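Novice: need coordinates for the following:
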Amino acid sequence: MVKQSSSRDFYQALRGNARIDIIIPFHNDRATLARALASVAMQTIAEDVDVTLVDDSSDDSCEDILKAFSHLISLRVLHAPSPSGYPGRARAFALERTSNAFVAFIDADDTLADAFSL
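Specialist: Coordinates of the predicted model:
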């Protein structure tokens with residue numbers, strides 16, 4: 001049985017240096033990736049967030065976007081071993097490689113609604 005955590009448990013864990021990993025798969029999402037990363041960077045707890053981007057064999061380069069955000073948020077880029085065409089496979093690939101206490105998933109064309117979304 002999975003234990004449900006309350007908001008209180010969540011914030012207590014954060015005070016104990018727990019981190020949140022936000023996994024973002026992307027494939028040719030240059031047009032929307034900056035907006036997604038900006039919505040993560042504006043979070044009130046952004047300093048407790050690690051962003052794991054999974055490049056699913058993109059043809060477009062996003063290096064300049066990643067460099068622009070690397071001083072605002074903790075970023076790492078994983079390269080999927082082969083193009084899957086499905087964001088779920090890229091998410092699973094990243095999930096196997098994270099050790100953070102909490103994980104959230106957004107797509108490269110998503111944005112977090114406000115500064116308190118996490």
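Novice: need the next SSE after the helix or strand of the chain with the lowest mean pLDDT, C-terminal direction.
Specialist: When the helices and strands of the chain are scored by mean pLDDT, DSSP states H and E, helix 7-15 comes last with a mean of 60. Per DSSP states H and E, the first helix or strand lying C-terminal to helix 7-15 is strand 20-26.
Novice: okay, the angle between the very next helix or strand once past that following strand and strand 20-26?
Specialist: Note on strand 20-26: by DSSP H and E, the next helix or strand toward the C-terminus is helix 30-41. For helix 30-41 against strand 20-26, the angle by axes from the mean of the first three to the mean of the last three CA atoms, to 10 degrees is 170 degrees.
Novice: check which residues of helix 30-41 are buried.
Specialist: By neighbour count on 16 or more other CB atoms under 10 Å, the buried set for helix 30-41 is L33, A34, A36, L37, A38, S39, V40, A41. Where you see a C-beta, it was placed from the backbone N, CA and C, and this is true even at glycine.
Novice: beta partners of the residue nearest the centre of the chain?
Specialist: Among the residues of the chain, the one closest to the centroid is I22, at 2.6 Å (CA atoms, centre = their mean). Assessed by DSSP bridges, I22 has beta-bridge partners V51, A104.
Novice: okay, it: pLDDT?
Specialist: At I22, the pLDDT value in this model is 97.
Novice: shaky segments in this protein?
Specialist: Counting by pLDDT under 70, the chain has low-confidence residues at 1-17.
Novice: contact partners for V77?
Specialist: T52, L53, V54, D55, L66 (CB atoms under 8 Å, 6 or more residues apart in numbering).
Novice: give me the secondary structure label for it.
Specialist: Three-state call for V77 (DSSP: H, G, I helix; E, B strand; the rest coil): strand.
Novice: so how far is A113 from it?
Specialist: Distance of V77 to A113, computed by CB to CB, to the nearest Å: 25 Å.
Novice: how much space between the nearest residue to I106 once chain neighbours are set aside and L95?
Specialist: Nearest residue to I106 in three dimensions, chain neighbours excluded: I24, at 5.7 Å (CB to CB, 6 or more residues apart in numbering). Distance, I24 to L95, using CB to CB: 12 Å.
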